[in-house]
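**Student:** below: sequence and its predicted model.
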Amino acid sequence: MADVLPNDYVAVMGELQRLAGALDRHPAAVDRIGWWWYPEHRKRPPVATDGVYVILLDTAIVLFNSGHDRLELTLNVAWCSALTVNAAVEVACWCPQDHNMHQVRSESWTVDTSHDLADGFAAGTTMLTNVLDSGRFDPGAWRLTAGLPDAPPQAR
């Protein structure tokens, strides 16, 4: 993690590792979680563009994957217009125009200080842990709540 965090935020690396480890060990996440690191993104991009993420680190927990339908939880630290922690519940898209995935629940926390990074990462892991604890792993139920079209029966 020291290779991806900007120098101003390394002070909270131990706390981030503790939080990530707790997520790794959650019974519903074991064997479903993956982490990716992008040390080449450590430095803030020279030009920030709204809607463009430059990810430093991210994880995905695949809770359901039928080969046609999918539910996953995501968490990342990224350069957006500022350093940001993002967490989401995502489902496969079944709209007439394929959007690939939809975020049916998402939160973002802007980071100014190392304390903000630790707080945002903690809030993101808490959001994902709450979903893991809920046992709601049916993507159709999440789509229904979000008002999205459901998968056809053969895809479930």
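**Tutor:** Nice, thanks for sending it over. Residues are numbered from 1 along each chain as shown.
**Student:** going by C-alpha atoms from here, please, whenever you check contacts or count neighbours.
**Tutor:** Will do.
**Student:** quick one: Ile61 from Leu71, how far?
**Tutor:** Between Ile61 and Leu71 the computed distance is 9 Å (C-alpha to C-alpha, to the nearest Å).
**Student:** longest helix of this structure?
**Tutor:** When the chain is parsed with DSSP state H, its longest helix is helix 114-134.
**Student:** and it, how far out from the chain's middle?
**Tutor:** 10 Å (C-alpha atoms, centre = their mean, to the nearest Å).
**Student:** what's it packed up against?
**Tutor:** The helices and strands touching helix 114-134, judged by 3 or more C-alpha pairs under 8 Å, 6 or more residues apart in numbering; DSSP states H and E, are helix 13-25, strand 70-79, strand 83-92, strand 101-110.
**Student:** what about whichever helix or strand comes after the first one, average pLDDT?
**Tutor:** Read in the C-terminal direction, the helix or strand following helix 13-25 is strand 33-37, with elements assigned using DSSP states H and E. For strand 33-37, the per-residue pLDDT values average out at 96.
**Student:** list the buried residues in strand 33-37.
**Tutor:** 33, 37 (16 or more other C-alpha atoms under 10 Å).
**Student:** next one: the closest residue to Ala20 other than its chain neighbours from Val104, what distance?
**Tutor:** Nearest non-adjacent residue to Ala20, counting by C-alpha to C-alpha, 6 or more residues apart in numbering: Thr125, 7.5 Å away. Separation of Thr125 from Val104 (C-alpha to C-alpha): 17 Å.
**Student:** compare the two (neighbour count), which wins?
**Tutor:** For Thr125 versus Val104, neighbours defined as other C-alpha atoms under 10 Å are more numerous around Thr125 (21 against 17).
**Student:** contacting residues around the more buried one?
**Tutor:** 19-20, 23, 75, 87 (C-alpha atoms under 8 Å, 6 or more residues apart in numbering).
**Student:** just how off-centre is stretch 2-11 within its chain?
**Tutor:** 19 Å.
**Student:** make 39 the starting number, not 1.
**Tutor:** OK, 39 is where the count begins now, so the last one is stretch 40-49.
**Student:** if we can go back for a sec, Trp75 is nearest to which of the helices and strands packed on helix 152-172?
**Tutor:** strand 108-117 (9.9 Å; C-alpha to C-alpha).
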